[in-house]
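Peer 1: Need a 3D model of the sequence below.
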Amino acid sequence: MDNLDYGIIGNCRSAALVSKTGSIEWCCLPEFDSSSVFAKLLDEQKGGSFGIKVAPSYTIKQRYKKHTAVLITRFSDGDNIFEVHDFMPRYYKGVNAYYGPPEIARFIKHISGKPSFSVHYEPKLAYAVGKTLTYVKKKFIVSLTQGEKFETVFLYSSFNKNAIVEGREMEITENGYFLLAYNEKIFQPSTRKVYLELERTKVYWLNWSNKTPNYKKYNAQINRSAITLKLLTYNKTGAVLAAATTSLPETIGEVRNWDYRFCWIRDASMAIKVMADLGHTNVARRYLQFIVDIIPDKDEKLQIMYGINKEKKLTEKTLDHLSGYKGSKPVRIGNAAYQQRQNDIYGILMDVLYEQLNKHSTDIENGEELWGITKGIVWIVAKHWEEPDKGIWEFRSEDRHFTFSKVLCWVAIDRAIKVARIFRKSRKIEKWSLLEQRIKKDIMDNAWNDEVKAFTQSYGSPNLDAAVLLMESYGFIPAKDPKFVSTVKAIERELSNDGLLYRYKNEDDFGLPSSSFTICTFWFINSLFKIGEEEKAMALFDKLLSYSNHLGLFSEDIDFKTKRLLGNFPQAYSHLALIECAINFSNKATEQQVLESMQ
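Peer 2: Residues are numbered from 1 along each chain as shown. Here you go, the predicted structure:
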């Protein structure tokens, strides 16, 4: 079964997906949201790829170099063994500057014998819209296209350039390299230089991973998820992407295919909160600067999402010439959801602002600006919290009074009051406390459904929604409150399918979802754990972890029947929720061990 068997490599400028057989099948250059150089992922025939071909007698294994984003694919045929070490260069240059060019390096490491391979090198620039022409020059192979836009990429290699382009078999007798660069290199690369870049990149990731604490349980999963979240951050502006891909379908053959190479305030803020909890403060600091930069006017309403370079207009288009992942059309670029109103983003953002101010109030760089943003958010929430919206799941039809949105409006005011305490703004505290109480009463009066014995998706609705499980995580209601316990049980009865969760079961604009939204299952596991069903929660967690791909990576969705990964990949949402669950279990395990040692 195809299970999105890809590894991600990247350097916080762009990323690439490498298949388990060593073929690069998705990469956009020079940046995450640029047009694709390789897009076989979205069209087997037209998309383009950069593959390493070996005889059928070879066995192929793939792993990450521990605690790094360097992906190693090992090819072995008896004594004939070589490895491909794939990475995008990233390392510290000094004075808060990082080297991260729009390049993919493939270091070919000779292990033993006389292994041989051929290369399938077929870049298809600009989403493969026009024809890409490839020429062998003296120092490099150049590929170019002249359609709506002129694009070029350059391939440097220690191997014979004509043999590469012609796909001829080559023998490996020593280490070698391929370097795919968006820009022509001023200094000619060499095997030695590429090896040095590999070692520097390795050291960068080892140092970065060293900041992640060690946990008693699930340490490898936490670390891999943290690196994956880091790979989805954009160094230039501090933005965090929802995923590295576009148009991977939530269900094969259907039309729920969206472009996720943007910064959703909700997804990014949740990811940043987790990263900050792990001690990665620079990521959080840069994201806060991104927020400061996108809110120029005090009364400007926040969009739910922005381009990674702070673009506000994300016009959605379809690429009709591409057949889509496993034939799932349309392939979309851009995302029309940027025009939606979702009231929950204010609470999610305020939660992150408060966490950062609470931890670093003495040395926060832009305290005055953040206080200004806090007041602006309160003003907007006070003005709009009673209005319906599209909700967390971005229903494209009518607006409703979604429970999750209302709870997060309460969170916005609750955290704003806490920020006011940090800044000793007592008059604001009094005024805002009245608003906080009003919102809480409104939710308790209208979101609870006595017949269903649960907080439901929206006011007056009998439908359940996994997002409501976050009421407890955000501090709206205690875990042991009978109403929360009852809600968890109702959601388990209605939305759980063999331990995997539906987001909701009421039909949306595209019918009933037929895949599980992975983050919802993590939320459910967390809720079970919090209400005291710890063994059950941990068993479900282990089961869910077994559905990851061969490298421990998750996409957005999981098919209920086959358990295959679906949706955009790798997904920040899934990995941040995995980390939250794993830390809860680890902390609990630590407490138990301490108590046991005292007996």
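Peer 1: In this protein, what helix or strand scores lowest on average pLDDT?
Peer 2: Using mean pLDDT, DSSP states H and E, helix 572-598 stands out as the lowest-scoring helix or strand of the chain, at a mean of 76.
Peer 1: Mind jotting down where the helices sit in the stretch 201-350 of the chain?
Peer 2: 219-231, 265-277, 281-294, 344-360 (DSSP state H, counting those that start in this stretch).
Peer 1: And the stretch 351-500 of the chain, by the same measure?
Peer 2: Under DSSP H, counting those that start in this stretch, the stretch 351-500 of the chain gives helices at 367-384, 403-422, 426-446, 470-473, 482-495.
Peer 1: so what does the second one touch, helix or strand wise?
Peer 2: By that I understand helix 403-422. Applying 3 or more CB pairs under 8 Å, 6 or more residues apart in numbering; DSSP states H and E, one finds that helix 403-422 contacts helix 344-360, helix 367-384, helix 426-446, helix 470-473. Every C-beta, even on glycine, is put in place using the N, C-alpha and C of the backbone.
Peer 1: The same query, at a cut-off of 6 Å, please.
Peer 2: Contact here means 3 or more CB pairs under 6 Å, 6 or more residues apart in numbering; DSSP states H and E; on that basis helix 403-422 packs against helix 344-360, helix 367-384, helix 426-446.
Peer 1: quick check: angle from that helix to helix 482-495?
Peer 2: Counting by axes from the mean of the first three to the mean of the last three CA atoms, to 10 degrees, helix 403-422 lies at 140 degrees to helix 482-495.
Peer 1: Look at R427 and say how many residues are nearby.
Peer 2: 8 (other CB atoms under 10 Å).
Peer 1: Hmm, I typed the wrong one, I wanted V407.
Peer 2: 25.
Peer 1: Start at 50, not 1
Peer 2: In the new count, where the first residue is 50, that last one comes out as V456.
Peer 1: and it, what is it in contact with?
Peer 2: V456 is in contact with M520, F525, counting by CB atoms under 6 Å, 6 or more residues apart in numbering.
Peer 1: quick one: low-confidence ranges for the stretch 500-648 of the chain?
Peer 2: For the stretch 500-648 of the chain, applying pLDDT under 70 flags the ranges 557-560, 637-648.
Peer 1: Can you report how many residues neighbour the closest residue to P437 other than its chain neighbours?
Peer 2: Excluding the flanking residues, the one nearest P437 by CB to CB, 6 or more residues apart in numbering is D448, at 3.7 Å. Counted with other CB under 10 Å, residues neighbouring D448 total 17.
Peer 1: if we can go back for a sec, any chance of the helices of the stretch 250-399 of the chain in JSON lines, plus mean pLDDT?
Peer 2: Output for the helices of the stretch 250-399 of the chain, formatted as JSON lines (pLDDT from 0 to 100):
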{"stretch": "helix 268-280", "mean pLDDT": "97"}
{"stretch": "helix 314-326", "mean pLDDT": "94"}
{"stretch": "helix 330-343", "mean pLDDT": "91"}
{"stretch": "helix 393-409", "mean pLDDT": "91"}
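Peer 1: Just tell me which of those helices ends up closest to E220.
Peer 2: The minimum distance between E220 and the helices of the stretch 250-399 of the chain falls on helix 268-280, with 33.8 Å, by CB to CB.
Peer 1: what about dumping the CA coordinates of the closest one to CSV?
Peer 2: The C-alpha trace of helix 268-280 is given here as CSV (Å, rounded to 0.1, in the frame of the first residue of the first chain):
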residue,chain,number,x,y,z
ASN,A,268,11.6,10.5,22.9
ALA,A,269,12.3,9.6,19.3
GLN,A,270,8.8,10.5,18.2
ILE,A,271,8.9,13.8,20.0
ASN,A,272,12.3,14.7,18.4
ARG,A,273,11.3,13.7,14.9
SER,A,274,8.0,15.7,15.2
ALA,A,275,9.9,18.7,16.5
ILE,A,276,12.4,18.6,13.6
THR,A,277,9.4,18.2,11.2
LEU,A,278,7.8,21.3,12.7
LYS,A,279,11.1,23.2,12.3
LEU,A,280,11.3,22.2,8.7
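Peer 1: and the angle from that helix to helix 330-343?
Peer 2: If you take the same axes, to 10 degrees, helix 268-280 sits at 30 degrees to helix 330-343.
Peer 1: just checking, what packs against helix 268-280?
Peer 2: Judged by 3+ CB pairs under 6 Å, 6+ apart, helix 268-280 is in contact with helix 621-647.
Peer 1: which phi and psi does N598 have?
Peer 2: When read as degrees, to the nearest 10, the backbone of N598 gives phi -80, psi -170.
Peer 1: G601 and K234, how far apart?
Peer 2: To K234, G601 is 34 Å away according to CB to CB, to the nearest Å.
Peer 1: Give me the contacts around stretch 521-539.
Peer 2: The contact list for stretch 521-539 (CB under 6 Å, 6+ apart) reads V456, V460, V501, K502, A503, F504, M520, S576, K579, I580.
Peer 1: Quick check: buried residues in that stretch?
Peer 2: Neighbour counts over stretch 521-539 (16 or more other CB atoms under 10 Å) mark E521, Y523, F525, I526, A528, F533, V534, S535, T536, V537, K538, A539 as buried.
Peer 1: Return the distance of the second one relative to Y508.
Peer 2: To Y508, Y523 is 19 Å away according to CB to CB.
Peer 1: Same check on the fifth one?
Peer 2: From A528 across to Y508, the span is 24 Å (CB to CB).
Peer 1: same deal with the third one?
Peer 2: Using CB to CB, one gets 16 Å for the distance from F525 to Y508.
Peer 1: circling back to that earlier point, out of the helices of the stretch 400-549 of the chain, deepest packed?
Peer 2: Sort the helices of the stretch 400-549 of the chain by mean neighbour count, taking mean count of other CB atoms under 10 Å, and helix 452-471 sits at the top with a mean of 25.
Peer 1: what mean pLDDT does that one have?
Peer 2: For helix 452-471, the mean per-residue pLDDT is 97.
Peer 1: Name the nearest residue to L297, ignoring sequence neighbours.
Peer 2: N617 (4.8 Å).
Peer 1: where's the one you found relative to Q405, distance?
Peer 2: Per CB to CB, N617 is found 27 Å from Q405.
Peer 1: The two: which is more packed in?
Peer 2: Looking at N617 and Q405 with other CB under 10 Å, you find the greater number of neighbours at N617, namely 27 against 21.
Peer 1: measure that one to G287 for me?
Peer 2: 21 Å.
Peer 1: D82 now?
Peer 2: Using CB to CB, D82 is found at 15 Å from G287.
Peer 1: the more surrounded of these two?
Peer 2: Using other CB under 10 Å as the criterion, D82 and G287 rank with G287 on top: 24 against 21.
Peer 1: how far away is the closest residue to the more buried one other than its chain neighbours from I73?
Peer 2: Counting by CB to CB, 6+ apart, G287 lies nearest to R335, which is 3.2 Å off, once chain neighbours are set aside. Look at R335 and I73: by CB to CB, they are 28 Å apart.
Peer 1: Neighbour count for these two, which is higher?
Peer 2: I73 (27 against 19).
Peer 1: What about that one? Give its phi and psi, please.
Peer 2: Backbone torsions of I73, given as degrees, to the nearest 10, read phi -80, psi 120.
Peer 1: So for it, what's the pLDDT?
Peer 2: Looking at I73, its pLDDT stands at 98.
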